[in-house]
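Novice: need a structure here:
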Amino acid sequence: MATKPGILTDWPWTPLGRFKYVILAPWAIHSTYSFIVKDKSERSLSLFLIFPFLLWRMLHNQIWISLSRYWTAKGKNSIVDKSIEFEQVDRESNWDDQILFNGALFYLASKTLTQAENLPLWRTDGVIMTFLLHSGPVEFLYYWLHRALHHHYLYSRYHSHHHSSIATEPITSVIHPFAEHIAYFALFSIPLLTATLTDTASIVSIAGYLTYIDFMNNMGHCNHELIPKWLFSVFPPLKYLMYTPSFHSLHHTQFRTNYSLFMPLYDYVYGTMDKSTDELYEISLKREVELPDVVHLTHLTTPESIYHLRLGFASLASKPYTSKWYFSLIWPVTLWSMMLNWLYGRTFIAERYRFSKLRLQSWVIPKYKIQYFLQYQNETINSLIEEAILEAEERGAKVLSLGLLNQGEELNSYGELYVERYPKLNVKVVDGSSLTVAVLLNSIPRGTTQVVLRGKLTKVAYALAFTLCQRGVKVLTILEDEFLKLKKSFNTNSESNLIFSASYSQKIWLVGDGLDEKEQLKAPKETLFIPFSQFPPKKLRKDCYYHNPPAMVTPRSLENMHSCENWLPRRAMSAWRIAGIVHALEGWNEHECGYTMSNIEKVWQASLQHGFQPLLLPTESKY
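Specialist: Residues are numbered from 1 along each chain as shown. The predicted model follows:
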């Protein structure tokens, strides 16, 4: 929001929320129905194509969002190395409003202007006229409009909203108050209306012109320098006719320079060209891929989780993962992404953070949760993890956190396979079990004397049961098989606190993968379910409490965190992941994988000292 919001700041359909798309529904349905039903001579191809063109614009913008975030995660050719936070993502979540606004005006024009009723596919004179009108009047008028918007009166009421984003993303280009968009559309409509009223407009000239505007807008705000230097060497005058991402990034950091739209000509003419433009361009082109200190390995969970990645839909990634009803409508895209993962089959960078001088990255293994439980997939998955470890070693990383990949001993013995295979690894492999157990122990309400342990027995489950029994807390199991496995693993007198019981009266349940729904329904009212797995149980009971998977709240000094980790709330990070960060911060020189664990209390205190805090219990007031 602008510092002093003026009139026409909000979009007219803001109260509709996500139902705002219905404003185009009557026109889209009518144009489609008319095109199908009417005779060929009466059909209007240009009217029918408005809706598909709006979809194309959304797809075009989304492609830029994903590419920009991928480039930012790598760090190569980055321009502004500033943090993006959740506030910016929320502010920029309405980037599609300007497409709805344009769509409504296109439908209105096609119904009110006789010349716009049935446009031809191509007209050369219209294309030339559009190009000339944009290069002349539009660029010139935009320069002065932009300078006017930086006058303190208009800036505080309108344009400061756009400049709230210092580190820009492609969609930052269209984040303006409604009044600004009215002015911009009036400006960009000069070539469109002129060509239409002179009967020279065509479908290609209009669609091409708006695609060009979207392309240049997205490129200018992508915060990644991608214009090669040789282009300006081949044609030197191009520096006056086409801007670069670094050119516009300076406008967002300096504010009083580089006002031009896409052609820097007028900044040269009127003396507002930033003197460091060429230098920043050179520096950005030479910026290499950032080498990580800590690498966090993760994988996709469900086919739809691709949309919740930071590289996917920004607004979805900024919220905890939940399945949306509209995912079923975009199943072709989901299927395409699954095929792409299968064909590409390589680990990719998804996120990049900064914390206490450490450079942190998340790498995604292109495999889904279900594949980790299929025996025939083990070799492929282990090969991908091994490649990632060796790449992290090559890049000089200090720690590699296994994260979601720590599924069990069947896959790779909790990472021990790789340490045994490469005994001279400098990068420390950390599975995070010790901190996970510490987080779970501190999630159990004080004064608890009995807990139920139920779910797949993992390294964390064994360590958790053993520690609780040592502390005098009775651990109840409701399956004899789990009881026998746990008892066999104990080698002290504390096993007396391990009890096999068919009772369901306890109200503290520690649950992992494999919790039966019938068992969950048998739990007493007001039971607190605390997952020891990274995958939360299905919430079947409204009369019970469900805690998050083991996680902690990150300190504010952890920069560039603007997406949620799977099901966790904002600015929360899984204990498995935090363990790798703490390991690097403390400079511990040992692996934490296989069946070995670090000192639980030592790891817990270290995480607190570095600013990580426990998540609030859902029953905080009760307990």
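Novice: and stretch 253-267, end to end?
Specialist: 16 Å (CA to CA, to the nearest Å).
Novice: now do that stretch: everything it contacts.
Specialist: Surrounding stretch 253-267, the residues in contact under the criterion CB atoms under 8 Å, 6 or more residues apart in numbering are 80, 135, 138-140, 142-143, 146-147, 150, 163, 166, 216, 220, 239-243, 247-248, 250-251, 272-274, 277. To be clear about C-beta, it is placed using only N, CA and C from the backbone, and glycine gets the same treatment.
Novice: list the buried residues in it.
Specialist: Neighbour counts over stretch 253-267 (16 or more other CB atoms under 10 Å) mark T253, T257, N258, Y259, S260, L261, F262, M263, P264, L265, Y266, D267 as buried.
Novice: ok, back up a step: can you tell me which of the contacts of stretch 253-267 are in helices?
Specialist: Of the contacts of stretch 253-267, the ones assigned to helices by DSSP state H are 139-140, 142-143, 146-147, 216, 220, 239-241, 247-248, 250-251, 277.
Novice: just the buried ones from the residues you listed?
Specialist: Here, 16+ other CB under 10 Å leaves 139-140, 142-143, 146, 216, 220, 239, 247-248, 250-251, 277 buried among these.
Novice: so where's the stretch 351-500 of the chain uncertain?
Specialist: 405-409, 492-494 (pLDDT under 70).
Novice: what packs against the helix or strand bottoming out on mean pLDDT in the chain?
Specialist: Each helix and strand of the chain was given a mean pLDDT (mean pLDDT, DSSP states H and E); the minimum falls on helix 409-412 at a mean of 76. Secondary-structure packing of helix 409-412 (3 or more CB pairs under 8 Å, 6 or more residues apart in numbering; DSSP states H and E): helix 378-394.
Novice: can you tell me which helices and strands the helix or strand just after the helix it packs on packs against?
Specialist: The element immediately downstream of helix 378-394 (helix or strand, assigned by DSSP states H and E) is strand 399-401. Strand 399-401 sits against strand 294-299, helix 378-394, strand 428-430, helix 575-586, with contacts defined as 3+ CB pairs under 8 Å, 6+ apart.
Novice: tell me how many other residues crowd R446.
Specialist: Counted with other CB atoms under 10 Å, the neighbours of R446 add up to 6.
Novice: for it, grab phi and psi.
Specialist: phi -60, psi 140 (degrees, to the nearest 10).
Novice: same check, this time on the one 5 residues further on
Specialist: Comment: the main-chain dihedrals of V451 come out as phi -140, psi 150, following degrees, to the nearest 10.
Novice: please enumerate the strands of this structure.
Specialist: Assigned by DSSP state E, the chain shows strands spanning 294-299, 348-355, 358-365, 399-401, 428-430, 450-454, 474-477, 498-500, 508-511, 528-531, 545-546, 551-553, 572-574, 613-614.
Novice: coming back round to it: what comes up buried for the least confident helix or strand of the chain?
Specialist: Buried-residue list, helix 409-412, by 16+ other CB under 10 Å: L411, N412.
Novice: export that helix to PDB, keeping only CA atoms.
Specialist: C-alpha atoms of helix 409-412 as PDB (Å, rounded to 0.1, in the frame of the first residue of the first chain):
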ATOM      1  CA  GLU A 409      17.000 -47.400   7.000                       C
ATOM      2  CA  GLU A 410      15.700 -49.400   4.000                       C
ATOM      3  CA  LEU A 411      16.700 -46.700   1.500                       C
ATOM      4  CA  ASN A 412      20.300 -45.800   2.500                       C
END
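Novice: now what about it, what contacts it?
Specialist: With CB under 8 Å, 6+ apart as the contact definition, helix 409-412 has outside contacts at Y372, N378, I381, N382, I385, L405, Y418, K459.
Novice: picking that back up, and the two most separated of the buried residues of stretch 253-267?
Specialist: Longest distance between any two of those is 21.7 Å, between T253 and L265; criterion CB to CB.
Novice: out of the buried residues of stretch 253-267, which comes closest to I578?
Specialist: Nearest to I578 among those, counting by CB to CB, is T253 at 32.3 Å.
Novice: state the distance from that closest one to H152.
Specialist: Here T253 is placed at a distance of 19 Å from H152 (CB to CB, to the nearest Å).
Novice: what does stretch 227-243 contact?
Specialist: 216, 220, 244-245, 258, 260, 262-265, 268, 282, 285.
Novice: let's see that with 10 Å instead.
Specialist: With contact meaning CB atoms under 10 Å, 6 or more residues apart in numbering, stretch 227-243 is reached by 77, 135, 139, 216, 219-220, 244-247, 251, 258, 260-269, 277-278, 281-282, 284-285.
Novice: first-to-last residue distance for it?
Specialist: Note: stretch 227-243 ends 9 Å apart using CA to CA.
Novice: residues of that stretch that come out buried?
Specialist: For stretch 227-243, by 16+ other CB under 10 Å, it's I227, F232, K239, M242, Y243.
Novice: for the longest helix along the chain, packing partners?
Specialist: When the chain is scanned for its longest helix (criterion: DSSP H), the result is helix 50-74. In terms of contacts (3 or more CB pairs under 10 Å, 6 or more residues apart in numbering; DSSP states H and E), helix 50-74 is packed against helix 25-37, helix 97-112, helix 203-220, helix 314-317, strand 348-355, strand 358-365.
Novice: pick the most buried one from the ones you listed.
Specialist: strand 358-365 (a mean of 22; mean count of other CB atoms under 10 Å).
Novice: what helices or strands is that strand leaning on?
Specialist: On the basis of 3+ CB pairs under 10 Å, 6+ apart, strand 358-365 makes packing contacts with helix 50-74, strand 294-299, strand 348-355, helix 378-394, strand 399-401, helix 575-586.
Novice: quick one: low-confidence parts of the stretch 101-250 of the chain?
Specialist: Using pLDDT under 70, nothing in the stretch 101-250 of the chain is flagged.
Novice: how about a cut-off of 90?
Specialist: Along the stretch 101-250 of the chain, segments meeting pLDDT under 90 span 111, 117.
Novice: among the strands of the chain, which is nearest F313?
Specialist: So among the strands of the chain, strand 348-355 is nearest, using CB to CB, at 13.5 Å.
Novice: just the angle for that closest one relative to helix 50-74, thanks.
Specialist: Angle, strand 348-355 to helix 50-74, by axes from the mean of the first three to the mean of the last three CA atoms, to 10 degrees: 60 degrees.
Novice: name the nearest residue to Y107, sequence neighbours excluded.
Specialist: Take Y107 and drop its neighbours on the chain: the residue closest to it by CB to CB, 6 or more residues apart in numbering is W27, 4.1 Å away.
Novice: and the pLDDT for that neighbour?
Specialist: We note a pLDDT of 96 for W27 in this prediction.
Novice: got the phi and psi for V473?
Specialist: Per degrees, to the nearest 10, the backbone of V473 is at phi -90, psi 130.
Novice: just checking, it touches R446?
Specialist: No. At 11.3 Å, V473 does not count as touching R446 under the criterion of CB atoms under 10 Å.
Novice: let me have the strands of the chain in TSV, adding distance to G208 as columns.
Specialist: Formatted as TSV, the strands of the chain follow (distance: least, CB to CB, whole Å):
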stretch	distance to G208
strand 294-299	40
strand 348-355	32
strand 358-365	36
strand 399-401	47
strand 428-430	52
strand 450-454	61
strand 474-477	67
strand 498-500	72
strand 508-511	57
strand 528-531	52
strand 545-546	52
strand 551-553	48
strand 572-574	45
strand 613-614	53
